[in-house]
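> build me a model from this:
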Amino acid sequence: MRLPVRPLPPLPAITPHLTLLLLAASGAMAQTRPLRAPDVRYEPSTTIQTVAMLRLANVTKNDVVYDLGCGDGRLVIMAAKEFGARGVGVDIDPVRIRESLTNARQAGVEGRVRFRTQDLYDTDIREATVVMLYLWPDMNLKLRPKLWKDLRVGARVVSNAHGMGDWKPDKHILADGANLYLWYITAALKKATP
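Got it, this is the predicted structure:
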């Protein structure tokens, strides 16, 4: 006995929104473990520290804020939601990136922020006008030449808790028990970078 052959229902139209969802889902499923062990344990900035970092950098709607080691995405999400900026969060741990995507969706800013599962040392940061860090001092020092080389003159770098060795901050404040440091990328720094 032959069963009747039924035609398959038509596939939904592939819209740009559906394409992005499919790409995000396939990337999230494909990446389940960090690229390598994270250099620091996950320790998010407090809400007060996050707001203070964004204010210290004088973030506006014209900025592209990168958070290297973004954790759950709170910094770039707040930059988008409260300051109107665009943001890019980078973390080596795909679990953190999945949390970031969920948090961005819940905050209604998924169109203004992107998240990448990448090694922060390999990330292309050239479009950034602001770079946020909450890393260890040795990581800051390792990143320093990349910041000087890749960022444009006038870009700002803010670090929670840790300085940059002999690179003196342009501004230093306390927020919720943490030292926050601000540096500007200058032509002299760029000229001195090999």
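
> shouldn't Glu43 be within a helix?
No. Counting by DSSP: H, G, I helix; E, B strand; the rest coil, one finds Glu43 to be coil, located in no helix.

> how deep is the residue nearest to it when sequence neighbours are not counted tucked in, by neighbour count?
In space, and not counting its chain neighbours, Glu43 is closest to Tyr134: 7.3 Å by Cβ to Cβ, 6 or more residues apart in numbering. Heads up, the C-betas are built off the backbone N, CA and C, glycines and all. By the criterion of other Cβ atoms under 10 Å, Tyr134 has 27 neighbours.

> can you check Gly154 too?
Neighbours of Gly154 (other Cβ under 10 Å): 10.

> who's in contact with it?
Gly154 makes contacts with 129, 184-185, as judged by Cβ atoms under 8 Å, 6 or more residues apart in numbering.

> where in this structure is the helix or strand with the lowest mean pLDDT?
None of the helices or strands of the chain scores lower by mean pLDDT, DSSP states H and E than helix 16-30, at a mean of 44.

> quick check on the residue nearest to Glu43: phi, psi?
The phi/psi pair for Tyr134 (degrees, to the nearest 10) reads phi -140, psi 80.

> pull the contacting residues for it.
Taking Cβ under 8 Å, 6+ apart, one finds 43-45, 69, 71, 159-161 in contact with Tyr134.
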